[in-house]
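>>> Dropping the sequence and predicted coords here.
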There are 2 protein chains.
Amino acid sequence: MGKRSTVSMMDVAALAGVSRGTISNVLNSPELVAPATRARVLEAIEKLGWVRNESARQLRAGRSTAIGLIVRDISNPFFSDMARGVEEVAAAAGHSVLLSDSARDPDRERAALDLYQQLRVGGVILAPISPGDRGLSRRLDIPVVLADRIGDYDDACAVSVDDFVGGQVAATHLLEQGHRRLMAVGGTIDIPHVRERRDGASRAVLLGDAEATLQVLSTDRLDIDGGRSAAAAIGAMPDDERPTGVFALNDLVAIGLLQGLIFRRVAVPDDISIVGYDDIEFAAAAAVPLSTVRQPSLELGRRAAELVLGEMRALEDGEPHRHIQERFTPVLVARSSSSRMSPLSHTAGA
Amino acid sequence: MGKRSTVSMMDVAALAGVSRGTISNVLNSPELVAPATRARVLEAIEKLGWVRNESARQLRAGRSTAIGLIVRDISNPFFSDMARGVEEVAAAAGHSVLLSDSARDPDRERAALDLYQQLRVGGVILAPISPGDRGLSRRLDIPVVLADRIGDYDDACAVSVDDFVGGQVAATHLLEQGHRRLMAVGGTIDIPHVRERRDGASRAVLLGDAEATLQVLSTDRLDIDGGRSAAAAIGAMPDDERPTGVFALNDLVAIGLLQGLIFRRVAVPDDISIVGYDDIEFAAAAAVPLSTVRQPSLELGRRAAELVLGEMRALEDGEPHRHIQERFTPVLVARSSSSRMSPLSHTAGA
DNA sequence: CTGTTAGCGCTTTCAA
DNA sequence: TTGAAAGCGCTAACAG
């Protein structure tokens, strides 16, 4: 029991009657070892329950092949989906993934980054809390791919979803449904995603119809409670000012808003139509299935993984590398909350 | 750029005009080093951007102080909350956490376990896909704490929530609301959690009222679609067989069920009351805020971390260790879906 | 208080 | 096809 495993390569070598070099070859270049020897070694490993010491291996190699992934909120389906995409691609390429949740805490983000740096991981995918850390990759001396980050940076690979287009898509959909008094609800202007989505919506309204207007209602937080308070505010508006089409800046806000409106006997979509953002699992499961803008989070993760792996390989082989910024396009998922379709005909999602 | 950082302790030592031993002391036992020397060393570290190599450190130490956490579904709020609890306690104690999502794939669970073993982490917290892996800790030769696992095991520490009591609590609540025709919905009997919750409900009905009955409706999956199909089945039942109180075996099922019933113009809670399980964030945000049984997932994570850390310390100090199995008690969170309270008076959660 | 030194367990030439 | 040997970068024990 408790006695610390002290079995090392040497023990295996002794039992198998070979040298340590051969053990190493069995593991890393089996084709160099005679089948009989190989079998003997494998058997000895098995019998002794030897597990190779990754630290020693790395120390020799200078660097690990693992890739580190840091997201700012793992409880957000957007990021857990993204993580799945990363894992999928990494696993297929034989790389393991070390996942960290910074929980929107800059200290924890930094701690995770430090840890990965000390671990000498081969690459890092970072969905940062705040944008704008130029030269991070160079400072870390590790390939870094930024995920879900706003802005034009050319000093690292990056994957993101085009929030401006997302806002356009949402507002355009509402205009197409015949709405003219639109409102964007949720968040504060200092969140880049929020700004982009609002700007996109604004642009769509400007271009779409001279009669159309877009009001803006900020909420302290981009969550369910934010949506509830927005419902209260909207409910208190005089009829002729009240919007008929609302673009909620994320699905949490949309869900809170929907709940609040239903409670106030405002019919959705008949009195007010709602379009959310993210297409989280619960969007389709709401009492009135929620129209929303879907972000390709899984694909984002997959692509981010491909990009780090690519840069890692380039670095390894001493080949040149050019950073790539990739921007994904979100798509509208129309459900009942924004139309007069049969309520359940679109529950299944995109 | 790209040139691999090859700065090591030696470079720092040279620049600071001291030996490597002193560098090590500055980091690990600063009180042994003269303030002036310490400052000089720190400055040199800073200037060179040296980051200590964790592999080398571990190789020397024999073992890392990090703890590995493997959950079976990180997109499940239960596990992401648990992970937060773990991180919180580990960070406070100066330990880092390596998180893995097995995504319910036994191969990935095994791969993560292998990785952690190779990394020589100090301890592992495992929320396994399937229960019943006796002797895992011994085999791994690392302290292991099992989380959210059913059964009586005494060969490892374990934390779990009492599903039987959870089922009792849910059914008792429905009985107290005056319901006599109850139904447990969701999942198949081969899932231990499901069995326990059903058994608990069954026991409550048996003990609670001679007139009361409990039907059971299985669904293929324990998710929103499962709830939707249950709604279809229940909607098709003759009035005098149809249950008036439904216990959904988790909140996803409850949400799907609620959506399906509302679509079929079955009033909740007036025609049918619903109690879910888990108290995920969206339970309170449903059109009819959902009564549910809350699992103390954050506390579970915290306690799991305390237990591994305790066992790690005991092992370190050569002290004896006795495995502890701890079972948490879930609590009912009553909201509108099971009563005639004002719909929004209970939306805020527990 | 600081320097010296002996490995930790593995991989990888290079020889045999 | 296998063995021997030289480190990878760090820590800890000991000497000075």
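Happy to help now that I have it. Numbering: from 1, shown residues only, chains lettered A, B, ... in the order given.
>>> Can whichever strand or helix holds residue A:307 be said to contact DNA strand C?
Applying DSSP states H and E as the criterion places residue A:307 in helix A:297-316. No - Helix A:297-316 lies out of reach of DNA strand C by CB under 7 Å from any atom of the strand, never closer than 11.7 Å. Heads up, the C-betas are built off the backbone N, CA and C, glycines and all.
>>> Pull up the pairing partners for the following helix or strand past that helix, direction included.
Counting by DSSP H and E, the next helix or strand C-terminal to helix A:297-316 is strand A:325-328. Sheet pairing of strand A:325-328 (DSSP bridges) gives strand A:157-161 (parallel).
>>> Can you mark which positions in the strand it pairs with are buried?
Residues of strand A:157-161 classed as buried: A:157-161 (neighbour count, 16 or more other CB atoms under 10 Å in any protein chain shown).
>>> With stretch A:227-240 instead?
Result for stretch A:227-240 [16+ other CB under 10 Å]: buried residues A:227-231, A:234.
>>> now swap in stretch A:84-96 and tell me
Neighbour-count burial for stretch A:84-96 [16+ other CB under 10 Å]: A:84-91, A:95-96.
>>> which among these gets closest to residue A:104?
residue A:86 (19.4 Å; CB to CB).
>>> can I get the buried residues of strand A:157-161 in JSON lines with pLDDT?
Output for the buried residues of strand A:157-161, formatted as JSON lines (pLDDT from 0 to 100):
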{"residue": "A:157", "pLDDT": "94"}
{"residue": "A:158", "pLDDT": "94"}
{"residue": "A:159", "pLDDT": "96"}
{"residue": "A:160", "pLDDT": "95"}
{"residue": "A:161", "pLDDT": "95"}
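>>> I'd like these laid out as CSV, including distance to residue A:200.
Shown next, in CSV, are these (distance: CB to CB, whole Å):
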residue, distance to residue A:200
A:157, 24
A:158, 19
A:159, 19
A:160, 14
A:161, 12
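>>> Name the residue of the stretch 251-350 of chain A that lies nearest to chain B.
When scored by CB to the nearest CB, the stretch 251-350 of chain A has residue A:287 as its residue closest to chain B, at 3.2 Å.
>>> how many neighbours does that residue have?
23 (other CB atoms under 10 Å in any protein chain shown).
>>> separation between the residue lying closest to it once chain neighbours are set aside and residue B:255?
Distances taken as CB to CB, 6 or more residues apart in numbering or on different chains place residue B:287 nearest to residue A:287, at 3.2 Å, with adjacent residues excluded. Between residue B:287 and residue B:255 the computed distance is 10 Å (CB to CB, to the nearest Å).
>>> Look at the residue lying closest to residue A:249 once chain neighbours are set aside and say how many residues are nearby.
Using CB to CB, 6+ apart and skipping the chain neighbours, the partner closest in space to residue A:249 is residue A:186 (3.7 Å). Using other CB under 10 Å, residue A:186 has 31 other residues around it.
>>> what's the answer for residue A:105, then?
The burial count for residue A:105: 15, using other CB under 10 Å.
>>> Got the phi and psi for it?
phi -110, psi 110 (degrees, to the nearest 10).
>>> Which positions in the stretch 151-300 of chain A make contact with chain B?
When proximity is defined as CB under 8 Å from any CB of the partner chain, the stretch 151-300 of chain A approaches chain B at A:224, A:228, A:255-256, A:258-259, A:262-263, A:281-282, A:284-289.
>>> again, 6 Å this time
Within the stretch 151-300 of chain A, the positions near chain B by CB under 6 Å from any CB of the partner chain are A:224, A:255, A:259, A:262-263, A:282, A:285, A:287.
>>> can you pull out the helices in the stretch 201-350 of chain A?
Using DSSP state H, counting those that start in this stretch, the helices assigned to the stretch 201-350 of chain A run over residues A:224-235, A:251-263, A:297-316.
>>> Please identify the most buried of the ones you listed.
helix A:251-263 (a mean of 27; mean count of other CB atoms under 10 Å in any protein chain shown).
>>> so can I have CSV of the buried residues of stretch A:84-96 showing secondary structure, distance to residue A:194 and pLDDT?
Listed next are the buried residues of stretch A:84-96 as CSV, based on DSSP: H, G, I helix; E, B strand; the rest coil; distance: CB to CB, whole Å; pLDDT from 0 to 100:
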residue, secondary structure, distance to residue A:194, pLDDT
A:84, helix, 26, 95
A:85, helix, 24, 97
A:86, helix, 25, 98
A:87, helix, 29, 96
A:88, helix, 30, 96
A:89, helix, 30, 98
A:90, helix, 31, 97
A:91, helix, 34, 95
A:95, coil, 34, 96
A:96, coil, 35, 95
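>>> Just send the residues you listed back as TSV, with distance to residue A:119 too.
Listed next are these as TSV, based on distance: CB to CB, whole Å:
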residue	distance to residue A:119
A:84	22
A:85	22
A:86	17
A:87	18
A:88	22
A:89	20
A:90	15
A:91	19
A:95	14
A:96	11
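>>> Name the nearest of those relative to chain B.
Distances from chain B to these, taken by CB to the nearest CB, are shortest for residue A:96, at 5.1 Å.
>>> can you tell me which residues contact the closest one?
The neighbours of residue A:96, taking CB atoms under 6 Å, 6 or more residues apart in numbering or on different chains as the test, are A:66, B:115.
>>> What is the helix or strand of chain A with the lowest mean pLDDT packed up against?
Least confident helix or strand of chain A, by mean pLDDT, DSSP states H and E, is helix A:136-140 with a mean of 84. Helices and strands touching helix A:136-140, by 3 or more CB pairs under 6 Å, 6 or more residues apart in numbering or on different chains; DSSP states H and E: there are none.
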